[in-house]
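> Just to be clear, the model below is a prediction. Sequence and coordinates:
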Amino acid sequence: MEKTKRELQAYLKLVDVVIELLDARIPKSGKNPDIDKLAKNKFRVIVLNKSDLADDTATKKWAAFYAASGFTVVAADSVKGYGMKEITAACLRLTKEKTERQLARGRIYTPVRAMVAGIPNVGKSTFINRLTGRNVTKTGDKPGVTKTEQWVKIKKGFELLDTPGILWPKLKDGTAVVNLALTGAISDDALDMRELGLKLIDIFIKNNPKALKTRYGINFIDEQAPEIMDMIGMARGYKLKGGGVDVLRTSRMLADEFRSNKIARATLEEPGD
């Protein structure tokens, strides 16, 4: 992560705009504070990506929050293409004055260059492929697919620099770690999946218990996360030889179904949390 951070700092000298992709489900936990420090003198566009997986009302609140902080904000779904035209237009609008100054000085026209940055698994490669209309970068549902930087031509006069996902070197906020893990920014191999599954159940108990009841055909009133975990495991038939519930398998299934939006659209945090 430190090595990637140094490389990003070097590439910033080559770009006019920094497009930071945030997972719309975790707009705070997924925002790398290093990017704000490194790109403080650049035009900034925040893209609330994967907005199709997040709660619409919460996404609007986050868009207003970051707009009030001075960012240009666009909600997007890079899989289906929602918001792509707005992002391109925003980058060209932000750099219009600079481009006109260059032309007035008689300088040969140079393309607007933007850097795409964000944490692992936020969807940068899918985002760029959608902007270009062709598969120019590798995509995947695991963090770390993009390994090196590459320039991609979006249209005449507009180029993007794709970069590897970068997490900050030290994660000290426990809530942020859970949110990053639930959305797949941290590899499952590095986590206690049982604890993660219980955290996810707690989130839905608080915000949308009906979604759990409907998805897994269970009913609960005052039961806590461990008891509901057992209900879900039994409903899915995830049993151990001794007759108990396979909690690890149930937890992995819960995480997978949350990430693929099979439980319900959800935003894990709101401004002011």
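Alright, I've got the coordinates. Numbers count the residues shown, from 1 in each chain.
> Quick one: low-confidence residue ranges for the stretch 101-250 of the chain.
109, 134-150, 164-171 (pLDDT under 70).
> Please, where are all the helices along it?
All helices of the stretch 101-250 of the chain, identified by DSSP state H, counting those that start in this stretch, fall at 124-132, 174-182, 193-207, 209-216, 225-236, 247-259.
> what helices or strands is the fifth one leaning on?
Put plainly, it is helix 225-236. Other elements packing on helix 225-236 under the criterion 3 or more C-beta pairs under 8 Å, 6 or more residues apart in numbering; DSSP states H and E are helix 193-207, helix 209-216, helix 247-259. All C-beta atoms are positioned from the backbone trio N, CA, C, and that covers glycine.
> relative to helix 247-259, how tilted is it?
90 degrees (axes from the mean of the first three to the mean of the last three C-alpha atoms, to 10 degrees).
> CSV for the helices and strands packed on helix 225-236, including distance to G237 and mean neighbour count?
Listed next are the helices and strands packed on helix 225-236 as CSV, based on distance: least, C-beta to C-beta, whole Å; neighbours: other C-beta atoms under 10 Å:
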stretch, distance to G237, mean neighbour count
helix 193-207, 17, 18
helix 209-216, 11, 16
helix 247-259, 10, 20
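> Output these as JSON lines; include the columns distance to I46.
Below are these laid out as JSON lines (distance: least, C-beta to C-beta, whole Å):
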{"stretch": "helix 193-207", "distance to I46": "24"}
{"stretch": "helix 209-216", "distance to I46": "28"}
{"stretch": "helix 247-259", "distance to I46": "22"}
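> between those helices, which gets nearest to R101?
helix 247-259 (45.0 Å; C-beta to C-beta).
> Compare the helices of the stretch 101-250 of the chain and give me the one nearest K153.
Closest approach to K153 among the helices of the stretch 101-250 of the chain (C-beta to C-beta): helix 124-132, 7.4 Å.
> Centre of the chain to the closest one, how far?
How far helix 124-132 lies from its chain's middle: 14 Å, per C-alpha atoms, centre = their mean, to the nearest Å.
> Tabulate the CA atom coordinates of it in PDB.
What follows is helix 124-132, C-alpha atoms only, in PDB (Å, rounded to 0.1, in the frame of the first residue of the first chain):
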ATOM      1  CA  LYS A 124     -12.800   0.800 -11.100                       C
ATOM      2  CA  SER A 125     -12.200  -1.600 -14.000                       C
ATOM      3  CA  THR A 126     -15.900  -2.100 -14.700                       C
ATOM      4  CA  PHE A 127     -16.300   1.700 -14.500                       C
ATOM      5  CA  ILE A 128     -13.600   2.300 -17.100                       C
ATOM      6  CA  ASN A 129     -14.900  -0.400 -19.400                       C
ATOM      7  CA  ARG A 130     -18.300   1.100 -19.300                       C
ATOM      8  CA  LEU A 131     -17.000   4.600 -20.000                       C
ATOM      9  CA  THR A 132     -15.100   3.400 -23.100                       C
END
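> so what does that helix touch, helix or strand wise?
Short answer (3+ C-beta pairs under 8 Å, 6+ apart): helix 124-132 packs on helix 84-94, strand 112-118, strand 150-155, strand 158-162.
> For the second one, C-alpha coordinates in CSV please.
The one in question is strand 112-118. Taking C-alpha atoms only, strand 112-118 is exported to CSV below (Å, rounded to 0.1, in the frame of the first residue of the first chain):
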residue,chain,number,x,y,z
VAL,A,112,-7.9,16.4,-20.4
ARG,A,113,-6.4,13.7,-18.2
ALA,A,114,-8.1,12.1,-15.2
MET,A,115,-7.0,9.6,-12.6
VAL,A,116,-9.4,7.0,-11.4
ALA,A,117,-8.7,6.1,-7.7
GLY,A,118,-10.4,4.1,-5.0
